[in-house]
Each structure stands twice: as structure tokens, then as C-alpha cells.
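Participant: Below are the sequence and a predicted model; questions follow.
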There are 2 protein chains.
Amino acid sequence: MNLTTKGKYAVTAVLDLAIQEQADVSYSKISEVAQRQSIPAPYLEQIFSSLRKAEILSATRGPKGGFKLSRPKDKIMIGEIINAVERNMDATQCSGEGICNGGSKCIAHNFWMDFNDNVNEFLMTKSLDDVISQRRGSVQLKNEVLIATG
Amino acid sequence: MNLTTKGKYAVTAVLDLAIQEQADVSYSKISEVAQRQSIPAPYLEQIFSSLRKAEILSATRGPKGGFKLSRPKDKIMIGEIINAVERNMDATQCSGEGICNGGSKCIAHNFWMDFNDNVNEFLMTKSLDDVISQRRGSVQLKNEVLIATG
DNA sequence: TATATTCTTGACTAAATCCATCAGGAATAT
DNA sequence: ATATTCCTGATGGATTTAGTCAAGAATATA
């Protein structure tokens, strides 16, 4: 599994756009976002390019142009952002193909599949809105009911 | 966050030792484990060295020597193994120090902390025994009650 | 229309990290 | 003694990461 600076920058930058949207700013320039979030601007250029291709952001060129979210902030999941810019979020050694020990599954294969499920469940159920609102434990997982004990 | 071949080899190799133990084999040689699990032997040497220092494995030298688990297999958690050999399993950009945006916390900081908690909870509640027994959903998480709906 | 502005694309690079290999030494069983 | 096995540290090639840079295309505005 891989979660690099690139993916973290991506999440931070998209969160920035979501916050701008809350403040009624529609388009933000790369240079603005880069400065606010301490991200190298030319690097953010690359990252936003991927996010636009993944239809998470939309862009217009020229003066007053920039980037904005392509969907409401409760409809964009953190996992989407990461998948758009990261190379490989799979934990299995064999990319899920089950050939991790000489053509067959290694003894840890199913464990890493479960781990993948866990990570994906977490990342795909957290929206930009959830993160901005600092909501914790607000997501009701499949087959589970949350009961406060403290 | 980082989960590399090294960490995956480590988990596989320790699972191998746990399975050997079940078959009443006490000590296994590096070369044996390496061959069974398709892991380069000199690399596994490095890995086992770290695991011994972390007191997950114990070793004896000489003929009939080798490695074995230092504890029962239900008392060794997968997360321990990974922590012993991987460089950095922290997802925050600032190693948790809260200096990810010019001295203060970036807007994604708390999210990555939650993500860390999620991953650690998963990895630290799965023992070698759990994985070998293919148990799924057997772990009751804090503040949660599992209720089958299907 | 001219111009400044902003995204768009692709090539490029230094540094870091990963994934090992290898050699020589130390301990131990027989 | 000797063979066996772990122990340690140095080394190195390949890959990936984390950016930089330059030239071009689209757009708003005067």
C-alpha cells in the first residue's frame, strides 16, 4: 500500500476548495491554494490535472479562472481523491491476482484483502463535508450499529 | 503511510512459523521459511533480525538452530510485526507533530489521525492465530456492537 | 484585437527509498 | 574440529518520489 505526499497534498487542496466554496468563492487559482496550504505550486498543477481528469474538480482558464469542486462537498469522498492521484492503494503483494506465492495465494493473501476492505470502507465513507464538519463516528457502517458506551 | 514488500514478507514469514509451530516444529531455518514462502533468503535474514530485536521471534544458532515465535500465536499481533520492520506507518504529513502547514496543523491533520487510529485498530487486533484460523469479524471493537442484519 | 492571465501537457531531474546481495564473524551441536 | 546456522554491517542497482521547467492553449477584459 502506498500513501504519499502527493495523495496528502491532494486531500488538503481539495478540502481547501471545499472551504472556499463554503465562503462563496467559486473558482480558486492554483497559486492561491498552493500558498494557503504550503504546497509547491508546480506540483499542485500536476495534482489538480489528475483530479480534473477524474471529474472531481472542474477548471476554467484565463483571468478569473481556476478550479472548483465538480460536485457538492458531501458527494466527494476522500477515497476518490486518493485513488485519482495515487499509484497503488492495494495491500496485497499480487495486486489481488492471487499469485503471491509461486502462482497461488500466499498465506497472508486473505488477510491483506480484509485490510484493503477496511481501508477502503474508511476512505470511501468520509466526504469532504464530513471532514470539514469534524464529524467523528457519524458514519453507520454496514451490519453495524454504533452504541456509545462512555 | 508505507506498507512495503518488506512488511508483507515479514507477516508471511511469521505466519509460516506459526503454522510450523502448529505442526510441532519448534525451530525453522531462514532458508526453509524463505523457500516455502518464496522470499529471498538474504533479505529474510535482515527481516528476522528486526523481528528478533522486537522480541517477536527468538533464535538459536548452530545446527538444529533457527527461529521460532517468542510468544503463543494468539499473543502476537500483525501490527507488531509491521511496526518492527516498516519505517513509517503514520499517515500524517508531520509524523503527528501538528506542524503540517507552516508550524500549525493542516486542515487534513485530524482526518489522518483518525485514519491512523482506524488502521492501527485493525492491525493491532488481528493475531497470528486469527489470521491462520481465517476468522473474520471476530473482533469486537471498542464502543461497537456487531449486529448481523443479513 | 492585443494582452495578461490561468490552466494544460509533457519532459526532465535530484534525492530518497526499496529491495535486495554479499562477506566475514560469532555461537552452537555433534 | 567441523559443519551449521544465525548476526552484522556495508554496498549497490532499480525504482519511485517529489518536485521543476518550458512551451502552448484558452479565456476575460480593455
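Facilitator: Nice, thanks for sending it over. Numbering: from 1, shown residues only, chains lettered A, B, ... in the order given.
Participant: What residue in chain A is the furthest from its centre?
Facilitator: residue A:102 (33.6 Å; Cα atoms, centre = their mean).
Participant: now it, nearest residue through space, not along the chain?
Facilitator: Spatial nearest neighbour of residue A:102, excluding adjacent residues (Cβ to Cβ, 6 or more residues apart in numbering or on different chains): residue B:38 at 5.4 Å. No exception for glycine: its C-beta is placed from N, CA and C like everyone else's.
Participant: Please report the distance of the one you found from DNA strand C.
Facilitator: Noted for residue B:38: a distance of 10 Å to DNA strand C, by Cβ to the nearest atom of the strand, to the nearest Å.
Participant: follow-up on the earlier one: could you pull up phi and psi at the residue farthest from the centre of chain A?
Facilitator: Recorded main-chain torsions at residue A:102 are phi 50, psi 50, according to degrees, to the nearest 10.
Participant: And for residue A:28?
Facilitator: Comment: the main-chain dihedrals of residue A:28 come out as phi -120, psi 140, following degrees, to the nearest 10.
Participant: Establish whether stretch A:93-105 and DNA strand D are in contact.
Facilitator: No - contact check for stretch A:93-105 against DNA strand D, using Cβ under 7 Å from any atom of the strand: none in range, with a minimum separation of 11.7 Å.
Participant: So is that stretch next to DNA strand C?
Facilitator: No - for stretch A:93-105 and DNA strand C, the contact criterion (Cβ under 7 Å from any atom of the strand) is not met; the two come no nearer than 8.9 Å.
Participant: ok, and what's touching that stretch?
Facilitator: Stretch A:93-105 is contacted by residues A:88, A:90, A:92, A:106-109, A:112-113, A:116, B:5, B:8, B:12, B:37-38 when judged by Cβ atoms under 8 Å, 6 or more residues apart in numbering or on different chains.
Participant: coming back round to it: state the pLDDT value of the residue farthest from the centre of chain A.
Facilitator: Confidence per residue is given as pLDDT, and for residue A:102 that number is 85.
Participant: Could you do the one 3 residues further on as well?
Facilitator: In the prediction, the pLDDT value recorded for residue A:105 is 94.
Participant: residues near it, how many?
Facilitator: Neighbours of residue A:105 under the rule other Cβ atoms under 10 Å in any protein chain shown: 17.
Participant: residues in contact with the residue nearest to residue A:102?
Facilitator: Under the criterion of Cβ under 8 Å, 6+ apart, the contact partners of residue B:38 comprise A:101-102, A:106.
Participant: now swap in residue A:77 and tell me
Facilitator: Taking Cβ under 8 Å, 6+ apart as the test, what residue A:77 contacts is A:123-127.
Participant: Let me see the confidence value for residue A:83.
Facilitator: At residue A:83, the predicted lDDT confidence score is 97.
Participant: Would you double-check that it falls in a helix?
Facilitator: Yes - secondary structure of residue A:83 (DSSP: H, G, I helix; E, B strand; the rest coil): part of a helix.
Participant: list the buried ones in the helix or strand encompassing residue A:129?
Facilitator: Taking DSSP states H and E as the criterion, the element that holds residue A:129 is helix A:128-132. When burial is assessed from 16 or more other Cβ atoms under 10 Å in any protein chain shown, helix A:128-132 yields the following buried residues: A:128, A:130-132.
Participant: can you point me to the longest helix in chain A?
Facilitator: Here the longest helix in chain A is taken by residue count, with DSSP state H as the criterion, and it is helix A:5-22.
Participant: anything in the helix or strand that comes right after that one sitting right up against DNA strand D?
Facilitator: Reading on from helix A:5-22 to the C-terminus, the next helix or strand found by DSSP H and E is helix A:30-37. No - applying Cβ under 7 Å from any atom of the strand, one finds that helix A:30-37 is not in contact with DNA strand D, the shortest distance being 8.9 Å.
Participant: Now do helix A:30-37: everything it contacts.
Facilitator: Everything outside helix A:30-37 that qualifies as a contact, by Cβ under 8 Å, 6+ apart, is A:9, A:12-13, A:16-17, A:39-41, A:44-45, A:48, A:66-67, B:101, B:106-107.
Participant: mean confidence for stretch A:108-126?
Facilitator: Averaging the model's pLDDT scores along stretch A:108-126 yields 98.
Participant: same check, this time on stretch A:26-42
Facilitator: Per-residue pLDDT values across stretch A:26-42 average out to 98.
Participant: Contact residues of chain A facing DNA strand D?
Facilitator: By Cβ under 7 Å from any atom of the strand, the part of chain A that sits against DNA strand D consists of A:2, A:4-6, A:40-43, A:45-46, A:60-65, A:87.
Participant: let's see it at 6 Å
Facilitator: Where chain A comes near DNA strand D, counting by Cβ under 6 Å from any atom of the strand, the residues are A:2, A:4-6, A:40, A:42-43, A:45-46, A:60-64, A:87.
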